[in-house]
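> This is the structure alone, sequence omitted:
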């Protein structure tokens with residue numbers, strides 16, 4: 001090769017492009033006017049639809065490849081202004097196959113060989129990385145959706161659990177949701193203390209009250225009795241209209257005597273609370289107030305889930321339940337009657353008066369029963385009272401079925417007192 005041939009423009013451009021000739025990227029060289037002068041084999045392989053692009057304006061090549069007009073304008077602007085440009089993601093559809101490239105380009109300058117002044121660049125195939133990124137983003141998006149779905153389901157389960165809690169005794173609720181008892185057909189025989197109560201003449205009362213008034217007073221009554229039963233450790237079996245069935249000794253027992261004392265304490269508290277609330281119920285249409293009969297017995301009962309495959313009920317069965325209901329029916333208004341077996345468990349601490357004996361149907365012998373008068377000495381109660389007596393005020397919650405409403409009323413009273421005090425202060429300060 002002659003020396004003059006060695007330094008001609010084509011040879012110099014070929015030599016300057018040598019490093020890109022066998023590159024794994026699609027490389028190109030364009031002059032200062034952005035006309036393509038040289039491409040490598042990979043450029044032709046990557047973009048066969050272009051054909052021969054020598055002396056073709058590079059932005060036109062990009063448009064022919066399907067590069068967006070915004071990206072082409074960005075390319076031209078950055079090359080002229082900054083002398084270099086990086087477009088990290090260029091999607092090119094080649095015969096239905098979408099490939100993703102990064103386009104890196106920079107302006108070149110050479111004072112010796114001015115025809116090397118121009119733009120060199122390369123398309124780097126990022127398709128595999130792009131697919132991995134897209135899959136990762138899709139996976140993360142799905143994970144976020146799954147987390148949101150789980151969170152929604154968790155909230156739904158919490159709402160359902162809270163609703164179920166209103167239909168189950170707390171002890172039974174805890175047993176079911178803690179997984180302590182997984183067998184639905186497990187039955188046990190236990191010595192229990194059984195309590196039964198009923199409102200005197202409630203049927204006549206319910207016929208005379210409007211439905212809304214009836215719902216208000218009966219829900220108030222049952223809420224108050226429920227709170228006392230739970231505070232005393234009783235398991236609420238069921239409400240039968242206005243009647244209440246409670247038992248002590250399952251799922252947990254403090255011993256027969258303690259269970260019996262707790263049940264008697266519960267009954268005494270219930271009667272006291274009923275007296276406290278008479279004025280509230282009379283204001284709501286119950287002219288004579290509530291008078292409640294109560295019966296308490298003890299004995300072995302069968303405890304478990306009874307019912308059908310469609311509906312189960314955790315309850316107690318046995319003669320003590322029937323006897324408690326019978327004693328309740330024999331009681332006077334406001335009276336608590338207790339059977340002789342239960343009486344034997346509490347007679348050292350509770351003052352009772354013998355009443356009579358009765359032989360209920362199905363019993364082999366007559367059953368003696370007593371009337372509960374009260375504890376001989378102060379009983380160590382474990383309960384949460386909703387009433388408070390302090391140095392300057394006394395607060396008595398009349399209806400515990402809606403505690404948030406009671407709190408709002410207390411705040412309203414506080415506001416009214418503050419306004420009254422402020423008004424009084426202003427009156428004292430005004431000139432006479």
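Structure received. Small disclaimer: the values here were computed from a predicted structure and weren't measured.

> Please make it C-alpha for all contacts and neighbour counts, starting now.
Fine.

> and residue 74, how many residues sit next to it?
14 (other Cα atoms under 10 Å).

> so which strand or helix has it?
helix 69-81 (DSSP states H and E).

> Residues contacting that helix, please?
For helix 69-81, contacts defined as Cα atoms under 8 Å, 6 or more residues apart in numbering pick out 59, 62, 63, 84, 85, 87, 105, 106, 107.

> Please point out which parts of it sit buried.
71, 72, 75, 76, 79 (16 or more other Cα atoms under 10 Å).

> what do you get for stretch 229-242?
Buried, per 16+ other Cα under 10 Å, within stretch 229-242: 229, 230, 231, 232, 233, 234, 235, 236, 237, 238, 242.

> I'd like the residues you listed written out as TSV, with secondary structure and pLDDT added.
Listed next are the buried residues of stretch 229-242 as TSV, based on DSSP: H, G, I helix; E, B strand; the rest coil; pLDDT from 0 to 100:
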residue	secondary structure	pLDDT
229	helix	93
230	helix	89
231	helix	90
232	coil	92
233	coil	91
234	coil	92
235	strand	90
236	strand	89
237	strand	88
238	strand	88
242	coil	89
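
> Of those residues, just say which sits nearest to residue 366.
residue 237 (26.7 Å; Cα to Cα).

> quick one: contacts for that closest one?
Residue 237 neighbours (Cα under 8 Å, 6+ apart): 169, 244, 245, 246, 247, 314, 315, 316.

> and it, how far is that from residue 326?
17 Å (Cα to Cα, to the nearest Å).

> now residue 72
When residue 72 is compared with residue 326 (using Cα to Cα), they lie 95 Å apart.

> related to what we said a few turns ago, which parts of the helix or strand that the helix holding residue 74 is followed by are buried?
The helix or strand immediately downstream of helix 69-81 is strand 84-94, counting by DSSP H and E. Neighbour counts over strand 84-94 (16+ other Cα under 10 Å) mark 84, 85, 89, 90, 91, 92 as buried.

> strand partners of strand 84-94, parallel vs antiparallel please.
strand 97-108 (antiparallel) (DSSP bridges).

> Would you mind checking the average pLDDT for the partner strand?
Averaging pLDDT along strand 97-108 gives 87.

> quick check: angle from that strand to helix 69-81?
20 degrees (axes from the mean of the first three to the mean of the last three Cα atoms, to 10 degrees).

> Give me the contact list for strand 97-108.
By Cα under 8 Å, 6+ apart, strand 97-108 touches 79, 83-93, 116-127, 130.

> Nearest to residue 31 among the buried residues of helix 69-81?
Among the buried residues of helix 69-81, and counting by Cα to Cα, the member closest to residue 31 is residue 79, at 12.2 Å.

> could you show me where the strands are in the stretch 301-432 of the chain, in order?
Taking DSSP state E, counting those that start in this stretch to define them, one finds strands in the stretch 301-432 of the chain at 312-317, 336-339, 350-358, 367-375, 388-389, 394-395.

> Deepest in the core, which of those strands is it.
strand 336-339 (a mean of 28; mean count of other Cα atoms under 10 Å).

> So for it, mean pLDDT?
96.

> mind listing what that strand pairs with, with the direction of each?
Strand pairing for strand 336-339, determined by DSSP bridges: strand 292-307 (parallel), strand 367-375 (antiparallel).

> What average pLDDT does the longest one get?
Here strand 292-307 scores 91 as its mean pLDDT.

> Now that strand: buried residues?
292-306.

> just the buried residues of helix 69-81 now: which is nearest residue 252?
Taking the buried residues of helix 69-81 together and measuring to residue 252 by Cα to Cα, the closest member is residue 71, at 74.8 Å.

> Pull out the buried positions in the strand or helix carrying residue 273.
According to DSSP H and E, residue 273 maps onto helix 256-276. Going by neighbour count (16+ other Cα under 10 Å), the buried part of helix 256-276 is 256-257, 259-271, 273-274.

> roughly how far is it from the heart of the chain?
Relative to its chain's centre, helix 256-276 lies at 35 Å (Cα atoms, centre = their mean, to the nearest Å).
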